[in-house]
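Participant: Okay, here's the prediction I keep looking at, along with the sequence it came from:
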2 protein chains.
Amino acid sequence: MNGAESLVRTLTAGGVEVCFANPGTSEMHFVAALDRVAGMRCILGLFEGVVTGAADGYGRMARKPACSLLHLGPGLANGLANLHNARRARAPLINIVGEHATRHKRYDAPLTTDIEAIARPYSDWLRISAHAADLGSDAADAIVAARSEPGRIATLILPADVAWTEGGAVAALPPIPSPPMPASATIDRAAAMLRADLPTAILLAGNALLEPALTAAGRVAEASGARLLAAYSMARIERGAGRPIVTRVPYVLEQAAALLREFRQLILVGAGPPVAFFAYPDKSSALTPEGCETHVLARPGEDCAAALDALATILGASPILRRVQDFDRPAAPSGEITLPGLAAVVAALLPENCVVVDESMTSGRGMLAATKGAPPHDWLCNTGGSIGIAMPMAVGAAVARPDRSVLCLSADGSGMFTLQALWTMARENLAITTVVFANRAYAILKGEYANLGGGPLGPSATSMLEIGRPELDWTALAKGMGVPGVRVESLEAFAKALDAGLRSQGPYLIEVPL
Amino acid sequence: MNGAESLVRTLTAGGVEVCFANPGTSEMHFVAALDRVAGMRCILGLFEGVVTGAADGYGRMARKPACSLLHLGPGLANGLANLHNARRARAPLINIVGEHATRHKRYDAPLTTDIEAIARPYSDWLRISAHAADLGSDAADAIVAARSEPGRIATLILPADVAWTEGGAVAALPPIPSPPMPASATIDRAAAMLRADLPTAILLAGNALLEPALTAAGRVAEASGARLLAAYSMARIERGAGRPIVTRVPYVLEQAAALLREFRQLILVGAGPPVAFFAYPDKSSALTPEGCETHVLARPGEDCAAALDALATILGASPILRRVQDFDRPAAPSGEITLPGLAAVVAALLPENCVVVDESMTSGRGMLAATKGAPPHDWLCNTGGSIGIAMPMAVGAAVARPDRSVLCLSADGSGMFTLQALWTMARENLAITTVVFANRAYAILKGEYANLGGGPLGPSATSMLEIGRPELDWTALAKGMGVPGVRVESLEAFAKALDAGLRSQGPYLIEVPL
């Protein structure tokens, strides 16, 4: 058995069943091993941002890692932006980067790059495999790193000769460490704060927005009167009818500050203190109100669910959560396309257990409020601010959960960064309905321009913020990659197309001109 | 004047007239300054690989730098792969990367990344600007770095507060250092080698493949009987009828070795020793034949033209080059599409002074031989092996040389990495005819798979190397981005479409199914 085969066998034995890949010459032995080892589904992306974004979406929905397979420094470079988002999501991910054969590096061949230097800032764990005999155990260590709470990016750099050399050995998986429990004094302090008669918010992020932590947080809120907030950069939240009521901190600085202003106490669970996305002249970057006491109940990587559960017990919370979101959704509206109308259509039609992947940017700001009473569903967001994640993440989510339909909400500007994901949707016949909000602009930047005191927009600046000249034809782009699509001109047409897409059990694209 | 305005003014005063950009919030003050300063053409790319690839193409054709404008770590990450190619091409390029305001970094906001860490391996010069008052002189230093021979990547990291703070000052450009001349003993040694009666090759790369170095190399070859070779990874070569005869070292290891085998002496001008692109088990990475003496006449950054000219004088070469390529091109063939037929059509129709951007991979391997006797033209190649450069580079070449037509030869697999460049072609109405060789595969990898001893291709491996399921429809993709296109099914249809595209003075795409 060569190194590559020992790697694939160790991965599959360790529960890694999916590989998102864009391989090149250096990774051919890994590719060859796929035909000798059962149990690894390998999915091609035509650009590496698709590969890493899909692995992120898979990790968020499967709660276990897929691996990515990237070609040398350039392949890694192309995957970095969505790897950044994955790391900020604390998604579990095993990132395998092919490297030149060890003896080839000194020749400074054209593709030679410092892979370690660019991988390091995006990796929680990193190793350059040195010997075929050790590759199996390197892979096992990578799995443990990726699967440790709350989910980590484990990068394994794989020189071609380590892959092709005989002497590989499948390694057994070391135990995966359990997340540590916060100290009891930490939990007691939170309880004391929640018993004080002060306006208090519990800010959740990461796994604290998923079951079982979510219900435990709901019980704490119910018992204490505290309000549950979700960090703006939330990786995934389980929400909708019957679930605890959680309000997301808005993107816009003034709106976030207005939401937070009333609180005198802030308890953080898997979240950092709230901060502005960007800095603005004469505005503070910190969003915690002055005089508000902040307490960390559980850090990312600590056992958020157990900490919340212990806190609920101390507070004498009811074991059964009663204060949950009511089922409440509108009938689908008709008429001219408006942003509230689009949100209402989504709210009216969202299927139970749907996975919503949301990078709708300015166009989708009303979506969360509109859909709060829809049947239970998952909502996945861009956690790192690197745009171009929605379509790749939808691919990964659909692969992880073939039992669910996926609704991908994408802005046009962000969608263009990784539109190659549409091809993978078609190739794998994934049940993904992609809605492109085509406002023909980087609309968010127009707001930022004003916020930053840029003054009136001149023609040069305007040309950097508008993408409508020429107009992108998303149905043609989708057709070019094998995805059927339609452009809609009214809310009823949108509703009809959305219903058709969600029922189709395959990929479908809806362009919504705004 | 704020920092951003001093930056733009210093750039334009220093001859930097074009900015390829995909800006975000942190770069809004740079964007705002564009409306206050004349002389900077700002061109939007919908993905950063387009931005850096275009800046590379511009630098190669203008022989002076454009600047790129990228948004924070993720924007830089998306631009790295083509920045790698640009660095390997030794293209002059000023790479401006926006950064969070200095005081914002400690909040670890979602987009915070270690920009310096990932920029460093791709930059010959790097500075983080610290004060608005110094930004003008930082920019001037970046210009000097980028314009120093043979062309360098100068990365300027620009915190938002440095851009928005008042107190900026336009800086005068320090002198740009002249490239040093190799020692006379080095030139004498080359002359002695060329006078010996041994088979000798002169391997050229970088600026040695451009005038005036190219003709000087031709005179040396004429006087000595040496053969002129171009490195496989050549950034740009001036070639065609009336130009010196230069043979490119092939990509395929065995073919390269066969070409080089006969030589006992190798003189390097702006080139490193020839090496294999990849390592293979049981094959040497070095391509210099055993027992062949290698001599470096001029390193990259030394004055290759002056060194070759001095060498020609020592050898008593004729001042006028006589041994040049004859004008010789075929009539356009007709019939079924074949690779030699496609190459013959290109050879038959190539306009004088055309700029050919070539990332045709396996499909275009006959192109150089077929076009050697066409009217004089330029040929630009992928220098770093990171695929997805052709369409972006064509954008930059067309912006640099609006007096010429650009022919972009792209494989389908590589084209998909940065297809967003088509939109910029349409927006700027650039005279670029893009030919996509649609073999529906990463065909080069099939060869590599065999070379690496992968054995017979199983279904899993095959699915990683073939991209024809579903078939990409390139005319639909082009239409989606505002570029007219056609699919051709015969050589006469290809000739007709190529002629129409080259005459159109705008963007045009031809899909050639193979």
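Facilitator: Cool, got the structure.
Participant: what's the distance between A:Cys336 and A:Pro513?
Facilitator: Careful, residue A:336 is Glu; it's not Cys. Distance, A:Glu336 to A:Pro513, using C-beta to C-beta, to the nearest Å: 11 Å. For every residue, glycine as well, the C-beta is placed using N, CA and C.
Participant: which of the two has more neighbours?
Facilitator: A:Pro513 (16 against 9; other C-beta atoms under 10 Å in any protein chain shown).
Participant: Helices of the stretch 151-300 of chain A, start to end?
Facilitator: Under the criterion DSSP state H, counting those that start in this stretch, the stretch 151-300 of chain A contains helices at A:160-164, A:184-195, A:213-224, A:253-260.
Participant: Name the stretch among those that sits most buried.
Facilitator: helix A:160-164 (a mean of 26; mean count of other C-beta atoms under 10 Å in any protein chain shown).
Participant: Could you list the residues in contact with that helix?
Facilitator: A:2-4, A:7, A:25-27, A:29-30, A:98-104, A:129-132, A:135, B:278-279, B:281, B:452-453 (C-beta atoms under 8 Å, 6 or more residues apart in numbering or on different chains).
Participant: Equivalent analysis for stretch A:328-340, please.
Facilitator: A:241, A:341, A:344-345, A:347-350, A:363-366, A:370-374, A:488-492, A:494-495, A:512-514.
Participant: Which among the residues you listed count as buried?
Facilitator: For the contacts of stretch A:328-340, a burial check counting by 16 or more other C-beta atoms under 10 Å in any protein chain shown picks out A:241, A:341, A:344-345, A:347-350, A:363-366, A:370-374, A:488, A:491, A:494-495, A:512-514.
Participant: of those, list those near chain B.
Facilitator: Residues of the buried ones among the contacts of stretch A:328-340 in contact with chain B (C-beta under 8 Å from any C-beta of the partner chain): none.
Participant: Let me know whether A:Glu48 touches A:Gly75 as I believe.
Facilitator: Yes: with contacts counted by C-beta atoms under 8 Å, A:Glu48 reaches A:Gly75, the gap being 5.1 Å.
Participant: For A:Pro180, list the residues it contacts.
Facilitator: Here A:Pro180 is in contact with A:Gly301, A:Glu302, A:Asp303 (C-beta under 8 Å, 6+ apart).
Participant: Let's have the helices of the stretch 151-300 of chain A in CSV, adding mean pLDDT and distance to B:Thr462.
Facilitator: Shown next, in CSV, are the helices of the stretch 151-300 of chain A (pLDDT from 0 to 100; distance: least, C-beta to C-beta, whole Å):
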stretch, mean pLDDT, distance to B:Thr462
helix A:160-164, 97, 19
helix A:184-195, 98, 55
helix A:213-224, 98, 44
helix A:253-260, 95, 51
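Participant: which residues are common contacts for A:Glu48 and A:Gly75?
Facilitator: A:Asn22.
Participant: Would you mind listing what in the stretch 251-400 of chain A touches chain B?
Facilitator: A:272, A:275-279, A:281, A:285-286, A:383-388.
Participant: can you tell me which helix in chain A is longest?
Facilitator: helix A:72-89 (DSSP state H).
Participant: mind checking how far the next helix or strand after that one is from the chain centre?
Facilitator: Per DSSP states H and E, the first helix or strand lying C-terminal to helix A:72-89 is strand A:93-99. Using C-alpha atoms, centre = their mean, to the nearest Å, the mean C-alpha position of strand A:93-99 is found 19 Å from that of the whole chain.
Participant: in its sheet, what does strand A:93-99 sit against?
Facilitator: strand A:66-70 (parallel), strand A:153-159 (parallel) (DSSP bridges).
Participant: can you give me phi and psi for the closest residue to A:Arg487 other than its chain neighbours?
Facilitator: Excluding its sequence neighbours, the residue lying closest to A:Arg487 (C-beta to C-beta, 6 or more residues apart in numbering or on different chains) is A:Glu511, at 4.3 Å. Dihedral angles of A:Glu511 (phi, psi; degrees, to the nearest 10) stand at phi -90, psi 120.
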